[in-house]
Structure formats: C-alpha cells, structure tokens
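Asks: take this sequence and fold it.
(2 chains)
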Amino acid sequence: MQANNRYEAERLVEEYADMIYRLALIRTKSPHNAEDIMQEVFLRYLKAHPVFESSEHEKAWLIRVTVNRANSFLSSAWNRRTLPFDEAVLGELPEEEDGCAVLNAVASLPLAMRTAIHLHYFEQMTVKEISSAMGKSESAVKSLLFRGRQCLKELLEP
Amino acid sequence: MMERYQKAMGRIHAPADTKKKLLGSTTRPRRSVFARVLPVAACLLLLAAGCVGLYFKEKTPALPTGQSYDDIYEAWFSNAGIQYDADGNALTEGGSGAAGGSSSSGGSGGTSALGHYETHMQTEGVLEPDIQKTDGQYLWRLSRNMLYTYRLAGEETELLEITPMPAECSSSYDMFLWEDRLVVIGMSLAHDPYTCANLYEIDSDTGIPRLAETFWQSGIYENSRIVDGELYLATRHLNYLLELPRKGDVLDIEIYIPRIAIGDKERLLKPEEIYLTEEAEIYARYITFVVVSAIDLEEKWFDSSKAVLCSAYDFYASAENIYLFAYGPDFSTNILCFAMDEEDTILTASGTVKGYILNQFSVDEHDGYLRVATCVVDYYIAGIYAITEYNAVYVLNKNLKVIGALEGIQPDERILSARFSGDLCYLVTFHVTDPLFAVDLSNPRKPEILSELKVTGFSSYLYEYGEGLLLGIGAEGTETGKLTGWKLSMFDVTDPDDVTEITNRFLSDQKARAAIWYDHKNLMISEERNLIGIPLEEYQLYAYDAEGKDFVLIGRYNLSGSYFRGTYAGKYCYVTSTMGLIAIDLESYEVVAEIDLTV
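Replies: Numbering: from 1, shown residues only, chains lettered A, B, ... in the order given. Predicted coordinates:
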C-alpha cells in the first residue's frame, strides 16, 4: 500500500505541481507562500489517501485543497505586503512587457473573482467544475466570471 | 485579453527544487506536540485561570463571551452564513463598545544610554520584535531557523555560537531582547499551525542563550509586543471544515477551539475567554479566531488568553492597548481593542471603519483617540462597474465610534505610507505623482488637509528625523508615473501648512522587488547617530547634512545573502545577512571585520 501511494504521489507531483503552484500564486500573490502551499497540498494528499474515481475528480480535489490551504495564508500581514508580479516572478524578460500588466490586473481582483477567472481561462475548467472546486453555486461562478471580465476590461483597456 | 493571461501565466512554473523535494519525500507529516492525549486539567494552568476568573474586572468587555462551547458554535455558524461576496453585497455595519485606552504615541528609533541601535519602536516603551537584536556587546540574529550569537568588538568581532531552534519549531520569525532574556517567536507548521514563543536566558559571561521555556498558542503568528515584562502574542487560528454543517447538525466544536500550552501542558480556551462577534467577515468553511495572550516572562506563565471570532489581518499596539484589524463586511475593517493588563487582558471596545489599513503606521492612539488612515476600494458604484480607490482618515473615540472623518482624499490613488505625529498625520498617496499630505488632527471631529506637496515617485516609509524633518524612503518616478528606482527624500515639516522637499537622493535603479518596500525593519535609521542604512544591491550608509541640506554617502558595502539588518554599537556599524556579518569602522568607514557563514 505504501509503495502504491509513493508512485501515485510522484505522478501527482509531476502532473499537478505547476497547476497547484499557479493557483496558489494567483491567490496569495506570494511565490514563497505558493511554495509552502504546494508542500501542504501534497502532505494532505499523503495523509488523506483519497481514492479518485477519475482524473476530473482528482483535479477537483487538488484544486479544492489548494484553494483551502491558500485561504490560511490570505490574511497574513506579510502576504499583503508582497509586491505584485514583476520580472522576478516571470523569469527572463517577456517578449511583451504586458505579461506583468495582465497578471497584476488579475491579481488585483477580489479573491473569489480572480480564482474563478484563473480556473476558467487558464485551467480551462467549466462553470460546473469551478463551482464544485470553489464550493459556490453555478450562478455565483457565472457572476464572478462576468464581473471579472468587466473589471479586467476597465483595468487593461481604459 | 484572456490569451495574454494564458501566455503570461504559462511562463510561470513551480520552482524546480520544491518539486524535487516533494518527489523525494516519503515521510508522513510529523505529529504535532498536540496530537498526544493530555489531561486538560493541568494544575498550573488551572490555578492561573482560576485566579484570573476571581479577579474583579474594572473594565467591562465590549462583546459578549461564550458560556459554553455551544455558544461558540452558534456564533460561528451564524457568521459563517455571511459570505464574502465579490459583488460586495451590503451587510449592516456594526460596532459597539465600552471603555478604551488613552495616552500618546511617539516613536523612538535611536540609541540607548549604551550607544547601540534598537529596533524602531512606533510607541515609546513598547518593544517590537525583529530578526536581530543587540545590547551593544553581543548581537543575536535569527536566520534559517538558527540563532547566531556574535560578540561585537570591531576588528575582533567573532561568531560565538549557533543555536538551532527547538525541534517542533519549523521556522522562526521574530525575536525580542528583554533584560537578560531573548524571546524567539516561531511556528510549527506540521499539521495545524501553532505559534511558539521560546524564552531563552542569556548567559551573562558568554552571551550565549539557553532555552528556559516554550509557550505555545494555536494559530499562525500575527504579531507581538513586550510591555513591562509582559509578552503580548497575537495569532490567527483557522480551522478548515471539509463539510459545512447545516442547522441542527452536530459539530464537535471543541476540536476547533484555540489552545495554549506551556511546555507540554496544554488547555483549551474556555468559552468565557472567547468573544462572539456579530458581523465579522468569516469564510464559511473556516472557523477563524484571533487569539491574544499575555505571557508573564518573569513568572513564565500565561496571565490571560482571549480569542475573538474574526478574520484579523493587521496589528497595532500603543502603550496601553492592542488593536487588531479584521476584515469586515463591505470592504471595511473591524477594529478590536484589547486593554493591556497583566491581570486580565480584555476586549474593551470594537468599531468599524471603511477601507483597509496599510500597516501599523496607518494607526495611532493619541490623547484618548484612535486615528486610522485607510484606503477604501469600491468596485461597484451607482449601478456602474468601476474600480475606484480613495483614502480616508478617521478619528475614533475610546469606544471606537467614528467621531471625525476626512474622506475622498485623492480619489484613484491609494495610500502608500502614513505617519502620525501628535496632532498631525502625514499621508502619501500615489498614482502618477506623489502628493504628500499634512492632515491636521488637532480637532478630532474635523480632520483637515493643511498642505499637499506633489513630488515625483512616492515614499513607502516615513520617519521623523528630528525637529521639523521628515525622512521619506521610497521609489522615484517620472512625471508620468513610471517608476525608475529608489530614493531618499528629506522634507521640511516645520510649517505643516507649507511642507517642502529639502532634498532627495537617487539610490539605485534596481527594479526587482526590494525588501525595503514592505518591511521597514530592513532599514536602520537613527537621527541621534545620523545614520541611515539601506539594503539595495549593496548595503548603503548615508548621513544627512543639515547645513548643506543634502544626503551624504558614507559608503557602499558588499555583503551577499538576504534579509539584511544593520545595527551600530559604539564606534562600529555591523551589517548582517543570512550569509554573514561585516563590521564597519564609523571613523574610517572601512570594513574591519568579515564573518562568512558559508565557509
């Protein structure tokens, strides 16, 4: 049993590390906290041994745990002081300087809104999947996406 | 628009070394010290709690407390139904209160009689923690969960000892030097986060600390202060619920109640030690408390421990009161005031202001009033989706009722720094240029703007540098608002109706995130010694020439590592980082000693 878990855990890390990191990053805006969250999510997995019926189920579980773990870092006084995205986070200079602008715009949205935006536009999740991952109703999710797009338009195309 | 997001986000990857660590990990999470089954009735704590209960309280609490754990469940349950809605659905604003604090503020950042640097104190007499402390003879520095002890002696400076933090402490964050003791605050993140305060006694002959006791409190570390030998420790305790209970469901609420412990003797907080709020902003899936304890460092026990159901995000302490700032409904902040009292710290007032505070310097208690500078964000105005920000200064009385307000300061700009000084408040906002406002608070009911100075860039930290001088550290920018680097500014505030900029000095065009932006403790500022230490690509030392009205560069020093801290003792300045220490002779300005920890 232990061996099985080990291989499963490794597969999960390979497949989902980026997804978890990015989601934790857009929620906490702190690469440091995002790394801690990554570790916590996998620890949780090791502790809970969930059995997944499908890869959608697996993905939803990981996203739910990431969202919840990220919540515990949200109100942190340190966290609020971190700078928005800059070249340090994006790595080498992006070809279009805009990379920072759009990430910062999304990061400046309220928490639930930017989570829904990220899950829909980057992780390509459907409204139904997002509603299950975030624990919100489908109409709330639609509302968040609609308003999120409005807000981003204001921010990026004034 | 969204393709740009996909592209940009696609460039971000989980750090490779974290992945490697995870792949290599086969161990299960370590059981925290609290997983052991312990008898709740630990004699010592029961006795202390019993004594506290008997003591006659003169101050009346501002909020009801629980009488049983069922009350706690009810209060959490009714609040948890209030969700934070991204729309900002309006909830009624609340706030009630009773007696509050008094006394004035007034910071100190300079030397003691012994001639060494101390961590800046926003309020005189209220010790603030930092990762480095010195008494002039020794220097203690926290780095990567180890405590380094140095003997300071100019050229002969040496590393004496490296003390690892206790095993349960996965990381350490802050430290106090109090009398001949060090208090190191850390956290255990093994399962549910706990915060520990480790009390070390310093050997008077060698300067080496020895662990005497460890205090535990559940939750993530928020902040702490030491006043008169009492350690006030604030944490945020959150518990995630996998399933949200419905009315009538049974929930074993005791699992979620905060705990305190000394060594391995622990207890739950009692219902009467937990205050119940009505309009807190609590994430439905979380039972969140802020826990405030008063720990007697001499007697080595908890004088009192209280909790409030709320989502706290910031902290400020005057000489008599601790204020916690929590998310309230509708982009507001609930303020909770705890009176510091070694017999029993109780919640004496609660109130609400619009917007959010930036940091501890946005708040000041003075002459019985609490002044707060906030940045208010509105996402939805009059049926139109718009994102606007404006700034405000509120004056609250002892009961934390707003009695004076100045709102709508510089709409579309957000507050970037603030500093209160007696009857004045200096405020910096920024969008394209930086207005530095001087706000008159002599009439608490009518705060008024006295002057507005526009300069390029903005200050992210303001510091009173002696009579009539205000030092600003922050970013430089062009006339169109593009940031170009970091600078020092000196403002003449002798006449608040006419604040002027005396001079400024461009420091560096380093664009990457600089620690000085978000943590003022990175800066060493002493107007008494006329030293300003700033870590950028190199550690830069400046002095201010009042006659020549200019900043003078003393030197630029290379030291690798991060989390720089400068300090001075006698005629030397010492700079430490995660990788070592250098000693600078303040007469020749040369480095006379170097200690490299990586060797």
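
Asks: contacts only, for B:F420.
Replies: B:S105, B:F361, B:V363, B:D364, B:H366, B:R371, B:Y426, B:L441 (Cβ atoms under 8 Å, 6 or more residues apart in numbering or on different chains). Where you see a C-beta, it was placed from the backbone N, CA and C, and this is true even at glycine.

Asks: again but with B:G566, I slipped
Replies: B:G566 neighbours (Cβ under 8 Å, 6+ apart): B:Y117, B:M524, B:G533, B:P535, B:Y539, B:L541, B:C573, B:Y574, B:V575.

Asks: pick out the residue in the stretch 201-350 of chain B sitting closest to chain A.
Replies: B:Y313 (4.2 Å; Cβ to the nearest Cβ).

Asks: if we can go back for a sec, show me the two of the contacts of B:F420 that sit farthest apart.
Replies: B:F361 and B:L441 (14.9 Å; Cβ to Cβ).

Asks: pick out whichever of these two has more residues nearby.
Replies: Shown here are B:F361 and B:L441; by other Cβ atoms under 10 Å in any protein chain shown, B:L441 has more neighbours (23 against 20).

Asks: wait, isn't that one in contact with B:C425?
Replies: Yes: with contact defined as Cβ atoms under 8 Å, B:L441 reaches B:C425; the gap is 5.8 Å.

Asks: quick check: neighbours shared by those two?
Replies: Joint contacts of B:L441 and B:C425 (Cβ under 8 Å, 6+ apart) are B:R371, B:V393, B:P447.

Asks: and which of those is nearest to B:L199?
Replies: For the shared contacts of B:L441 and B:C425, the nearest to B:L199 is B:R371 (34.5 Å; Cβ to Cβ).

Asks: how many neighbours does the nearest residue to B:F215 once chain neighbours are set aside have?
Replies: Using Cβ to Cβ, 6 or more residues apart in numbering or on different chains and skipping residues adjacent in sequence, the residue nearest B:F215 is B:A197, 4.4 Å away. When neighbours are defined as other Cβ under 10 Å, B:A197 has 24 of them.

Asks: next secondary structure after the helix or strand harbouring B:A197?
Replies: Assessed by DSSP states H and E, B:A197 sits inside strand B:194-202. Going down the chain from strand B:194-202, the next helix or strand is strand B:209-218, by DSSP H and E.

Asks: what does the next helix or strand after that following strand contact?
Replies: Next along the chain after strand B:209-218, taking DSSP H and E as the criterion, comes strand B:220-227. Contact partners of strand B:220-227, identified using Cβ under 8 Å, 6+ apart, comprise A:72, A:76-77, B:125-129, B:173-174, B:176, B:178, B:183, B:185-187, B:193, B:195, B:197, B:231-238, B:290, B:297, B:312, B:315, B:317, B:319, B:322, B:324, B:340.

Asks: are any of those buried, and which?
Replies: A:72, A:76-77, B:126-129, B:173-174, B:176, B:178, B:183, B:185-187, B:193, B:195, B:197, B:231-238, B:290, B:297, B:312, B:315, B:317, B:319, B:322, B:324, B:340 (16 or more other Cβ atoms under 10 Å in any protein chain shown).

Asks: any idea which of the contacts of B:F420 is least confident?
Replies: Minimum pLDDT for the contacts of B:F420 is recorded at B:S105 (32).

Asks: does B:F420 belong to a helix, a strand or coil?
Replies: The local conformation at B:F420, judged by DSSP: H, G, I helix; E, B strand; the rest coil, is strand.

Asks: just the helices in the stretch 401-550 of chain B please.
Replies: Here the stretch 401-550 of chain B has its helices, by DSSP state H, counting those that start in this stretch, at B:515-518.

Asks: pLDDT weak spots in it?
Replies: Applying pLDDT under 70 to the stretch 401-550 of chain B flags the ranges B:511-514.

Asks: repeat the analysis, applying 90 as the threshold.
Replies: By pLDDT under 90, the low-scoring segments of the stretch 401-550 of chain B are B:407-416, B:429-435, B:456-458, B:466-467, B:475-485, B:508-519, B:528, B:536-538, B:546-548.

Asks: and B:T484, how many residues sit next to it?
Replies: With other Cβ under 10 Å as criterion, B:T484 counts 14.

Asks: the residue nearest to it when sequence neighbours are not counted pairs with what?
Replies: Take B:T484 and drop its neighbours on the chain: the residue closest to it by Cβ to Cβ, 6+ apart is B:E476, 5.1 Å away. As for beta bridges, B:E476 partners with B:G485 under DSSP bridges.
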